[in-house]
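Engineer: The sequence and its predicted three-dimensional model are supplied below.
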Amino acid sequence: MVMPLALLGMPAILVLTLGVTFAFRYLWPGGVARPRLFLVVTLTLALIVAAVAISWFAQILVGIGIARTSARTAASSALFDARLLSRFFTASLCAVLAQYWLCRGTQFFLGK
């Protein structure tokens, strides 16, 4: 489970963070003031938020190697998988919430 989550988790965090911006822009009731400027500002902020979340998520992967697990290390591998999954959900949730509040703040400062 480590490899698919490690490879697909990082782009998933990026897509979720960028998705909040587009959802806020196109689905928010009442729209946003100055949509072009809103997208430029919030997409830039989304890339920064995603970079921070991805770097925190990937920090646990430093120095683990790529060899398959042996029978001796199966329990520690399961624990590592659980920690990686937990970090993925935490990073995703924090990135989405941070981006939502940044979109709200940007909308407020743009005057609507």
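Structural biologist: Right, received. Where do you want to start? Numbering: from 1, shown residues only.

Engineer: just checking, what packs against the helix or strand hosting Leu85?
Structural biologist: In this structure, Leu85 is located in helix 74-109 according to DSSP states H and E. With contacts defined as 3 or more CB pairs under 8 Å, 6 or more residues apart in numbering; DSSP states H and E, helix 74-109 has these neighbours: helix 2-27, helix 35-58. No exception for glycine: its C-beta is placed from N, CA and C like everyone else's.

Engineer: wait, what's in contact with the most centrally placed residue in the chain?
Structural biologist: The central residue of the chain, meaning the one whose C-alpha is nearest the mean C-alpha position (CA atoms, centre = their mean), is Ile13 at 2.9 Å. Taking CB atoms under 8 Å, 6 or more residues apart in numbering, we find Ile13 in contact with Ala50, Ala53, Ile54, Phe57, Phe88, Ala91, Ser92, Ala95.

Engineer: And those, which two are furthest apart?
Structural biologist: Checked with CB to CB, the contacts of Ile13 reach their widest spread between Ala50 and Phe88, with 13.3 Å between them.

Engineer: quick one, the helix holding Leu85 and helix 2-27 angle?
Structural biologist: Comparing the axes of helix 74-109 and helix 2-27 via axes from the mean of the first three to the mean of the last three CA atoms, to 10 degrees yields an angle of 20 degrees.
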